[in-house]
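Q: Pasted the sequence and its predicted model underneath.
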Amino acid sequence: MDEQRRLSYLARMGVHAWQPRADEHDGAAAAPLEMPPAVPPQAPPATLEPARPRPAPRAPEPPPVPMPPPCAPSSSEPAPFTERTVAPRAPAPEPPADDLFAPAASAAVPAVATMDWEQLARAVHGCRGCALHETRQHSVFGSGAHNARLMLIGEAPGADEDRQGEPFVGRAGQLLTRMLEAIGLAREEVFIANVLKCRPPGNRDPHPEEMARCEGYLQRQIALIEPTLILSLGRISAQHLLNTDVSVGRLRGRWFEVGDARIPLRVTYHPAYLLRSPAQKAKSWEDLSAVARRLRETERK
């Protein structure tokens, strides 16, 4: 740093004279140097405040609106308060003429006990006798020969039967077909039906009122076929047909007679149960063998 700038800094610090140190070689003191006059400190620049926004001019107030003169009191009484009148509920529509459960006064609907095959099938397909018609895809009337000597009665349609509208078409149905073939019968030679004509949701057990609604259909099928023998498949079918709560294990192995015609009936396990319990197939084979022997005996007569 040059001497002039150094002196200027010292003057601003309040030092007006500076005595250099003596030379180390001669020990002579150097003459004092004259310092320039001190520069008065400058005031820091004033800080400018940001300008405040000016308030927007207030809009002039609108002139007061003249009020109308007060109305004279009316001599008439105020209208009385009236409650909202709820319209009456529309009456339920009359059931169509083809509804099986229409009032008996409808002469267009024949009684179930007098229906032929075509009328009975149409009644089952259009049945709305219970809530199951709301969840079904198809009703399952039954299939097979109308003059079959052997009638097989199961419990209710399952998911496969509900989709196709035919009884015993799933895995259990395939097993049933093989069981019939084992005793020399084809599915086309027998008639296969269910106690219930519509699938219960989730394959639950049928409710008593649901089976009661389908009872007329099943009894009319039996009356039209006039089978020589009936083979009941599973607990629900056996207990319904025999009006009992005895288990299948205790019912099987014996012959029963049902209906006014006293048709011989044999009980065996449901094919779906045999798929879950293959060890019981030997007992079902005993039941099928007894059915085959009875059919041969009645044929000779």
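A: That came in fine, so what should we check first?
Q: could you measure the closest residue to Gln239 other than its chain neighbours against Arg171, distance?
A: Leaving aside its chain neighbours, Gln239 sits nearest to Asp245 (5.9 Å; criterion: CB to CB, 6 or more residues apart in numbering). Backbone N, C-alpha and C define where each C-beta goes, glycine included. Separation of Asp245 from Arg171 (CB to CB, to the nearest Å): 28 Å.
Q: With only the CA atoms kept, save the helix or strand hosting Ile192 in PDB.
A: Per DSSP states H and E, Ile192 falls inside strand 191-194. Output of strand 191-194 as PDB, limited to C-alpha atoms (Å, rounded to 0.1, in the frame of the first residue of the first chain):
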ATOM      1  CA  PHE A 191     -85.700 -88.100 -15.700                       C
ATOM      2  CA  ILE A 192     -83.600 -85.900 -13.400                       C
ATOM      3  CA  ALA A 193     -85.200 -83.100 -11.400                       C
ATOM      4  CA  ASN A 194     -84.700 -81.100  -8.200                       C
END
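Q: next structured bit after it?
A: Past strand 191-194, the next helix or strand by DSSP H and E is helix 208-225.
Q: Quick one: mean pLDDT for that next one?
A: For helix 208-225, mean pLDDT is 96.
Q: can you list contacts of it?
A: 100-101, 112-113, 115-117, 120, 123-124, 127, 129-130, 132, 142, 146-148, 151, 153, 191, 193, 195-197, 200, 230, 240, 259, 263 (CB atoms under 8 Å, 6 or more residues apart in numbering).
Q: What separation is there between the spatially closest residue to Lys281 that is not a sequence neighbour and His207?
A: Distances taken as CB to CB, 6+ apart place Leu274 nearest to Lys281, at 5.4 Å, with adjacent residues excluded. Counting by CB to CB, the gap from Leu274 to His207 is 25 Å.
Q: Could you do Arg254 as well?
A: Distance of Arg254 to His207, computed by CB to CB: 28 Å.
Q: Name the residue in the two with the higher neighbour count.
A: Using other CB atoms under 10 Å as the criterion, Arg254 and His207 rank with His207 on top: 14 against 10.
Q: so who does the residue lying closest to the more buried one once chain neighbours are set aside touch?
A: Nearest non-adjacent residue to His207, counting by CB to CB, 6+ apart: Pro200, 7.7 Å away. Contact analysis of Pro200 by CB under 8 Å, 6+ apart lists Leu132, Ala156, Pro206, His207, Glu210.
Q: What ranges does the stretch 201-301 of the chain have for its strands?
A: Per DSSP state E, counting those that start in this stretch, the stretch 201-301 of the chain carries strands over the ranges 229-233, 255-258, 263-268.
Q: ranking these by burial, who's on top?
A: Mean neighbour count (mean count of other CB atoms under 10 Å) peaks for strand 229-233 among the strands of the stretch 201-301 of the chain, with a mean of 25.
Q: what is the mean pLDDT for that strand?
A: Strand 229-233 comes out at a mean pLDDT of 98.
Q: Repeat that for stretch 148-165.
A: Mean predicted confidence for stretch 148-165 is 96.
Q: buried sites along it?
A: Under the neighbour-count criterion of 16 or more other CB atoms under 10 Å, stretch 148-165 has 148-158, 160-162, 165 buried.
Q: In the chain, where's the longest helix?
A: Ranked by residue count, the top helix of the chain under DSSP state H comes out as helix 281-300.
Q: Sheet partners, orientation included, of the strand holding Ile192?
A: strand 143-144 (antiparallel), strand 150-154 (parallel) (DSSP bridges).
Q: To Arg296, which of those lies closest?
A: Smallest distance to Arg296 across the strands paired with strand 191-194 (CB to CB): 11.8 Å, for strand 150-154.
Q: List the contacts of that closest one.
A: 167-168, 176, 185, 189-195, 218, 221-222, 225, 227-234, 237, 241, 270, 291, 295.
Q: Which pLDDT value belongs to the residue nearest to His207?
A: The model's pLDDT for Pro200 equals 96.
Q: ok, the residue nearest to Lys281 to Leu175 distance?
A: Taking CB to CB, one finds Leu274 at 6 Å from Leu175.
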